[in-house]
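Trainee: Got a predicted structure plus its sequence, pasted below:
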Protein chains: 2
Amino acid sequence: MLQFPELWMNTISLGERIANELRLKILENSIKPGEVLSENQIAQLYGTSRSPVRDAMKALSNDGLIHLERMGAVVLGLSQKDVQELYDIREMIENFAQQRVSRKDMSTVLHSLCLTIDQMELAARYDMHSNFAYYDLTFHETIIRHARHQRILNLWNGMRPLIMAIILVTTEDVFAHGTEHTEWVIDKHRKIVRAMQTGTSETIEKSVGRYFDDSKRTLNKSFPLRIDEGRA
Amino acid sequence: MLQFPELWMNTISLGERIANELRLKILENSIKPGEVLSENQIAQLYGTSRSPVRDAMKALSNDGLIHLERMGAVVLGLSQKDVQELYDIREMIENFAQQRVSRKDMSTVLHSLCLTIDQMELAARYDMHSNFAYYDLTFHETIIRHARHQRILNLWNGMRPLIMAIILVTTEDVFAHGTEHTEWVIDKHRKIVRAMQTGTSETIEKSVGRYFDDSKRTLNKSFPLRIDEGRA
DNA sequence: GTTAATTAACTTGTCGACAAGTGTACTTGG
DNA sequence: CCAAGTACACTTGTCGACAAGTTAATTAAC
């Protein structure tokens, strides 16, 4: 069972910790769609009171992983379709961000991005999975930060924990497929940098589109088939 | 002082009610940027315990109206720039949604939209401000719902309360400018319908762009100047 | 007068408890 | 055997309390 890296737990809040744990469990199918979670149950499981659990449930509901009902929260899980949709949003956001960044001075951004990619290389060579995942996330977050658009950043922050968990899970599969796959992931990021450097609006849009199309394909392999039950 | 329509309060949760009230107060500048709110203070003000206030604070933080700090939540308010950014996102979302809707059978959607516009007409004629605002919101929500994209709908739901409050506030100004202004707003919606009917991808994109550009301009008039202090 | 230490009044995060409401299972009547 | 009513276990929303931590002010020392 995949554990959440203690290093990423900058958040001291118990609620966030519980949310992170539950997220992983749901993504790993350790908690299965259709199950019903109650606040008492989870609180007892983690040996806490209901207050932090309540926060965690809200977070998971915001992620779309569970649905809060009048009695109990039913687990929805993350179907392939859900991941596709989530990455539709990522594409939308990042396209927006890159367009905006490309209209400014990009020297510092590109510098940061290259550094981050090198960090990925390093993490890949030394088999540091969670570091690899972390710098992958950092890469995209850097772009979004530099767009200087508070509301876009807000959107990103809202889905950040979920994406974090997804990347964490899928990175395992990436490493399982050997060096050529990590190299392929790294190269995808280099391509983005290149597109930003030389890029007009259209080339950036295409570059982002390609990146996330590839990601979606990989994700479909990583995530086991799951029946997508119709949601309310 | 503008009150929140009791009719819209489908939500029975005390936390949501408090959030709605506070949102309006912040938007009306009755609670000013820079002020520091404490949970105890608000709880006492509304005669409740801290639990629902806590929820409300989280909601307001998600809206970007306040910033939760270690001690107290500092009020950020909504500057013109913030509104511009928020409507950037609306444009992004609705463009995405309309593109998707236009690739399907639109007959039922267009039917709903026309009905909603007629409701706006009616509300305008009878000076029912909050109804006018409500149907304005409904119009856009209808489009987004019919895009059948769970994650986009999620995004919309996340910003819905804030947009609701903004529309509520600005609608007052729309009515203050007389019939020609309400007619103008209604006509904007008709134009969207027309673009969707006849529209290719490009015409829809332009239509949406025009709509929100107009909205942004109007909003700038409605919202009084406010210093945009740099945010962390 | 200035600086450092201590106190005092706040703040949030977490906890356990209670009431109101919901669904289930069981009982009771046919 | 089946249906309607009832009781029970379990749920969430809300409450008040406490501890740990932070800020500001007051005091004390120099």
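Mentor: Yep, that arrived.

Trainee: Next one: the most centrally placed residue in chain A, what pLDDT does it get?
Mentor: The centroid of chain A falls nearest to A:I163 when counting by Cα atoms, centre = their mean (1.4 Å). The confidence metric pLDDT takes the value 96 at A:I163.

Trainee: what does the host helix or strand of A:L24 contact?
Mentor: Element membership for A:L24 (DSSP states H and E) is helix A:14-27. For helix A:14-27, contacts defined as Cβ atoms under 8 Å, 6 or more residues apart in numbering or on different chains pick out A:2-4, A:8-9, A:11, A:30-31, A:42, A:46, A:48, A:51-56, A:59-60, A:63, A:65-66, A:75, A:77-78, A:161-162, A:165-166, A:168-169. The way it works is simple: take the backbone N, C-alpha and C, and place the C-beta from them, glycine included.

Trainee: do the same with stretch A:178-198
Mentor: In contact with stretch A:178-198 (Cβ under 8 Å, 6+ apart) are residues A:98, A:101-102, A:106, A:109-110, A:113-114, A:117, A:120-121, A:124, A:132, A:136, A:139, A:174-175, A:203-204, A:206-208, A:210-211, A:214-215.

Trainee: Among these, name the buried ones.
Mentor: Burial by neighbour count, judged by 16 or more other Cβ atoms under 10 Å in any protein chain shown, picks out A:98, A:101-102, A:106, A:109-110, A:113, A:117, A:120, A:124, A:132, A:136, A:139, A:174-175, A:204, A:207-208, A:211, A:215 from the contacts of stretch A:178-198.

Trainee: Wondering if stretch A:100-115 reaches chain B at all.
Mentor: No - using Cβ under 8 Å from any Cβ of the partner chain, stretch A:100-115 stays clear of chain B, coming no nearer than 9.6 Å.

Trainee: Distance check, A:F223 against B:H177.
Mentor: 52 Å (Cβ to Cβ, to the nearest Å).

Trainee: Comparing these two, which residue is more hemmed in?
Mentor: Higher neighbour count among A:F223 and B:H177: A:F223, with 20 against 14, using other Cβ atoms under 10 Å in any protein chain shown.

Trainee: List the contacts of the more buried one.
Mentor: A:78, A:80, A:83, A:170.

Trainee: what's around the last one, how many residues?
Mentor: A:T170 has 21 neighbouring residues, counting by other Cβ under 10 Å.

Trainee: Surely it forms part of a strand?
Mentor: No - secondary structure assignment places A:T170 outside any strand; it is helix (DSSP: H, G, I helix; E, B strand; the rest coil).

Trainee: Excluding sequence neighbours, find me the nearest residue to it.
Mentor: If you skip the residues right next to it in sequence, A:T170 has A:S222 as its closest partner in space, 4.2 Å away by Cβ to Cβ, 6 or more residues apart in numbering or on different chains.

Trainee: got a pLDDT number for the one you found?
Mentor: So A:S222 comes in at 72 (pLDDT).

Trainee: That one and A:L24: what is the separation?
Mentor: 14 Å.

Trainee: Let me know the helix or strand that the closest residue to A:T203 other than its chain neighbours is in.
Mentor: Excluding its sequence neighbours, the residue lying closest to A:T203 (Cβ to Cβ, 6+ apart) is A:A195, at 5.5 Å. Using DSSP H and E, A:A195 sits in helix A:179-198.

Trainee: for that helix, which positions count as buried?
Mentor: A:182, A:185-186, A:188-189, A:192-193, A:195-196.

Trainee: Also stretch A:63-74?
Mentor: Quick answer for stretch A:63-74 (16+ other Cβ under 10 Å): A:63-66, A:73.

Trainee: taking those one by one, which sit in strands?
Mentor: Under the assignment DSSP state E, the buried residues of stretch A:63-74 contribute A:66, A:73 to strands.

Trainee: TSV please, covering the buried residues of stretch A:63-74 and showing distance to DNA strand D and pLDDT.
Mentor: Converted to TSV, the buried residues of stretch A:63-74 look like this (distance: Cβ to the nearest atom of the strand, whole Å; pLDDT from 0 to 100):
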residue	distance to DNA strand D	pLDDT
A:D63	17	96
A:G64	17	96
A:L65	15	97
A:I66	10	97
A:A73	6	96
